[in-house]
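K.L.:
just the structure for this:
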Amino acid sequence: MTKDQEFDIAKNIRLIEWLKCEILALTAQLFKLLANGVRGTQDALADCLAGIIVACYLLGRRLGIQYSVIDQKVEDKVHLGIIEDHDVERNFGDLTELSRYLKESR
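P.N.:
Here you go, the predicted structure:
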C-alpha cells in the first residue's frame with residue numbers, strides 16, 4: 001500500500017467519523033428544538049432534518065452505498081409500512097402521502 005492510498009483511507013475514515021458526529025449533533029439539536037416547543041421554529045426544524053438527511057446520504061456514499069440504493073431502500077420501507085399498515089399510516093396516512101411525494105418528485 002502506498003502512502004497516497006494510506007492517506008486516502010485515513011482521510012475517508014476521518015470523514016466517516018465527522019459525518020457520524022454531525023448526524024449526532026444535528027439529532028441533539030433537533031431534540032433541543034422539540035423540547036423547547038415547535039412554535040416559530042419550523043425553519044430550524046426543517047434545517048436540522050435536512051442536515052441529517054444530507055449527512056446520511058454522504059455517510060452512505062463513504063461506506064460504498066450509491067445514492068440510488070438509499071433512495072430505493074427508502075421507497076421499499078415506505079411501501080412496506082403501507083402494506084403492514086404501520087401506526088403512522090393507519091392513523092395519519094403519512095406513508096401514502098410520502099410515497100406520492102417521492103413518485104411525483106422523480
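
K.L.:
in the protein, where's the longest helix?
P.N.:
helix 3-35 (DSSP state H).

K.L.:
wait, what's in contact with the closest residue in space to Thr27 that isn't next to it in sequence?
P.N.:
Spatially, and ignoring its direct neighbours in sequence, Thr27 is nearest to Ile52 (6.4 Å; C-beta to C-beta, 6 or more residues apart in numbering). Yep, even glycine has a C-beta here, placed from its N, CA and C like the rest. Listed by C-beta atoms under 8 Å, 6 or more residues apart in numbering, the contact set of Ile52 reads 23, 26-27, 30.

K.L.:
where does Ile52 fall, secondary structure wise?
P.N.:
Secondary structure from DSSP states H and E places Ile52 in helix 42-62.

K.L.:
going by neighbour count, which residues in stretch 15-31 are buried?
P.N.:
Under the neighbour-count criterion of 16 or more other C-beta atoms under 10 Å, stretch 15-31 has 19, 22-23, 26, 29-30 buried.

K.L.:
out of those, which one sits closest to Gly60?
P.N.:
Closest approach to Gly60 among the buried residues of stretch 15-31 (C-beta to C-beta): Leu19, at 9.4 Å.

K.L.:
that closest one contacts Leu63, correct?
P.N.:
No - using C-beta atoms under 8 Å, Leu19 makes no contact with Leu63, being 9.5 Å away.

K.L.:
domains in this protein, by residue range?
P.N.:
1-65, 66-106 (automatic domain parsing).

K.L.:
lowest-confidence stretch among the ones you listed?
P.N.:
When the domains of the chain are ranked by mean pLDDT, domain 1-65 comes last with a mean of 92.

K.L.:
what's the angle from the helix holding Ile52 to helix 3-35?
P.N.:
If you take axes from the mean of the first three to the mean of the last three C-alpha atoms, to 10 degrees, helix 42-62 sits at 150 degrees to helix 3-35.

K.L.:
any idea how far Asp71 lies from His86?
P.N.:
Using C-beta to C-beta, to the nearest Å, Asp71 is found at 20 Å from His86.
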